[in-house]
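1. below: sequence and its predicted model.
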Amino acid sequence: MTVHRDTRAAPAGPAAAGPAAAPAGSTTGPAAAHSADPHAPRLVYARPEVLVDRSTHYCPGCGHGVVHRLLAEVLTELDLPAHTIAVAPVGCAVFAYDYLSVDFVEAPHGRAPAVATGIRRVRPEAFVLTYQGDGDLAAIGTAEIVHAAARGENITAIFVNNGIYGMTGGQMAPTTLVGQKTTSSPAGREPSSMGYPIRITEMLAQLEGVAYAARGSVADAGQIGKLKAMIKRACQIQLAHGGFALVEVLSNCPVGWGMTPRESIEHLKGPVAQAYPLGVIVDRLASAPKDTFAETCPAPAHPEA
Amino acid sequence: MTAPHAAHAANAARHSDKEAARRSRVLMKGNEAIAEAAIQAGCDAYFGYPITPQAELLEWMARRMPELGRVFIQAESELGAINMALGAAATGARVMVSSSSPGISLMAEGMSYMAGSATPMVLVNIMRAGPGLGSIGPSQSDYFQATKGHGHGDYHVPVLAPASISEAMDLMATAFELAERYRTPVMVVADGIMGQAMEPVELKFRCPERRTFDWALTGASGRPARIVRSIDLQPELLEKRNLDLQHKYAEIARREVRWAGYLLDDAEYVLVAYGTAARVARSAVDKARAKGVKAGLFRPITLWPFPSRELARLAGRAHGMLTVELSSGQMVEDVRLAVEGRCPIAFHGRMGGLVPTPDEVLGALKALRGKVERTRHAQAAHAEAAHAAQEGGTK
């Protein structure tokens, strides 16, 4: 793989950088990584080739970019980009295919798990990935996600939950917190008429077809590191034919939430993480490693578990 | 070998051919025959959801597809089924779904995306009577839905309408051919009678040649990534996408019109009908001929593209046309558009799962003839009067 130097300001990507994290741009030469000169600058942060070198359309402070970055890193580390067929949702991430250079099909709103099922069954050799938001997965697409999970479809589902319909202008989502103001709940979400938030990952984790269900967050560097481990685990489970694997990502929507990026991160760490507890909810393969899976895909240690 | 021997041998061969054909004829239910024809046409994956009157199609697939190591999924809904089809088809697989009217409504979303993203797929609609839940009786009430744009947006899909079970079997291969040649979903519509009835059919199948697709998603190995999508937020680009679709539709309309005629050469009255209604109309034509009325049958096989030009040509010399449908009159609108007033058009239809009898159709034909003849007499009398007046004036 060609290593490209990223000259942009480093986003919250310490997961890639490791303990010796340094801001991108501190490297000076294209051959820095391979230089024998001990005084030459060291390449510590590079853009995975599968991550397309362009600015995203996401709003300032949005978490989608971090999730894309983590996916690009995990796909690259597992040598998957050339085998991946991904499914893009309807919502802010509809243009995910502009940022990840893998084969992509665009699904109608909520239908990504069904589309992925079709791909999975006719292309057993492909790595199949879905990327959905909370309106897509937890409202209009509930039937599709529940039944793909119940069938134990061997796919990896990334579920970005920012508690709002971002692309359409910040309306209430099924995951919107009680009391949260949105453009369609201007006085705040009132449970007596608008119901309660859905913790859909916990619901899905009940199903026997679900090999892995976890919830991470993009709130800070530490959580991003844990999130990356979850995404990697969810991908490895597919490679081991383990069944359905889902990672919910708590993310922020500063514009939709009416906050500055910094406020939105504080909100994400506070009320959002309280409503949606972080951690691995189920890892059925780790608790019953009776097949060759244990050898091919050892379970990483989950700090929350 | 002497000549008589050769003749005898040839006769024997002919006899054994006929015998073989007879022996290869089996009694098959429409739904099952359609399913088997799709399998023999190389269908890689089938996705469905139970609904009457097409459930046997799904059941046949449930048994046969796994036997052959192919894909069968009973989806959670028709939405699930059509979107599974979208995913599988996007990888270049030969894919089919089937349902009946209410389920087809749910599939409209996926069809629109597949038309927009140019994804080949075959959808079978074994139509029942509506609107709403309606009933499971045979009907042709989904003609508008099939031919005028099933889902949202500005698109068409080729629509094939068989009138017998053996024709349905043949058209399944045609449907896959069209789907892959033009990168489009294709619909096959038949009513509940076609799905439920049994007919002797010859087990003759066709499997369209496999193409390689330069758009199919197979993993971006050694090539740039591919995207199957329908979105384009830039108006100019989306218009271009739409224009490309329209060019494709123009080509389909130019090259793929299919229809069949019966006793049309000297027909003064042309019955226009498709599917089961065409079989009733054909009986009515025979009855009319027995009474000395020069009737014929024009049967569209492609409902879209509609055989407008062919019908317009007939209208130039026909005294009148009678459209027969199992609906309130949907195809008759296309007949009128095609004929453009060249001859009178009448309609006879039944709804709710009822099928008109040949005598009923004959009655409608009689009424049309009466009207046409009265008009002709009136016109002749008017012309005569005008002529006489003119003669008088010149005297």
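-> All right, it came through fine. These figures come from a predicted structure and were not determined experimentally.

2. in the helix ranked longest in chain A, what's buried?
-> Taking DSSP state H as the criterion, chain A has its longest helix at helix A:221-239. Buried positions in helix A:221-239, judged by neighbour count with 16 or more other Cβ atoms under 10 Å in any protein chain shown: A:223-239. In short, each C-beta sits where N, CA and C put it, glycine included.

3. what is that helix packed up against?
-> Where contact means 3 or more Cβ pairs under 8 Å, 6 or more residues apart in numbering or on different chains; DSSP states H and E, helix A:221-239 is packed against helix A:14-17, helix A:64-77, strand A:127-133, strand A:156-161, strand A:210-217, strand A:244-250.

4. now do the first one, average pLDDT.
-> Meaning helix A:14-17. Per-residue pLDDT values over helix A:14-17 give a mean of 38.

5. right, and the helix or strand after it?
-> The C-terminal neighbour of helix A:14-17 among helices and strands, as given by DSSP states H and E, is strand A:46-47.

6. direction included, what does that following strand pair up with?
-> Strand pairing for strand A:46-47, determined by DSSP bridges: strand A:4-5 (antiparallel).

7. so what's the residue of chain A most remote from its centre up against?
-> Going by Cα atoms, centre = their mean, the residue of chain A most distant from its centre is A:Asp37, 38.0 Å out. Applying Cβ atoms under 8 Å, 6 or more residues apart in numbering or on different chains, we find A:Asp37 in contact with no residue.

8. so the closest residue to B:Ala277 other than its chain neighbours, which state does it fall into?
-> In space, and not counting its chain neighbours, B:Ala277 is closest to B:Val324: 4.8 Å by Cβ to Cβ, 6 or more residues apart in numbering or on different chains. Of the three states, B:Val324 takes strand under DSSP: H, G, I helix; E, B strand; the rest coil.

9. B:Val324 contacts B:Glu360, correct?
-> No. Assessed by Cβ atoms under 8 Å, B:Val324 is found out of contact with B:Glu360, at 9.1 Å.

10. return the residues of the stretch 51-200 of chain B in contact with chain A.
-> B:71, B:73, B:75-77, B:79-81, B:83-91, B:93, B:95, B:109-110, B:113, B:117 (Cβ under 8 Å from any Cβ of the partner chain).

11. quick check: phi and psi at the nearest residue to A:Phe95 once chain neighbours are set aside.
-> In this structure, A:Phe95 finds its nearest non-sequential neighbour in A:His57, 6.0 Å apart by Cβ to Cβ, 6+ apart. Main-chain dihedrals, A:His57, degrees, to the nearest 10: phi -90, psi 0.

12. now A:Val90
-> phi -100, psi 130.

13. is it true that it touches A:Tyr131?
-> No. Taking contacts as Cβ under 8 Å, A:Val90 lies outside contact range of A:Tyr131: 11.2 Å.

14. how many residues are close by the residue nearest to B:Ala277?
-> Residues lying near B:Val324 (other Cβ atoms under 10 Å in any protein chain shown) number 31.

15. and the pLDDT for it?
-> pLDDT recorded at B:Val324 is 98.
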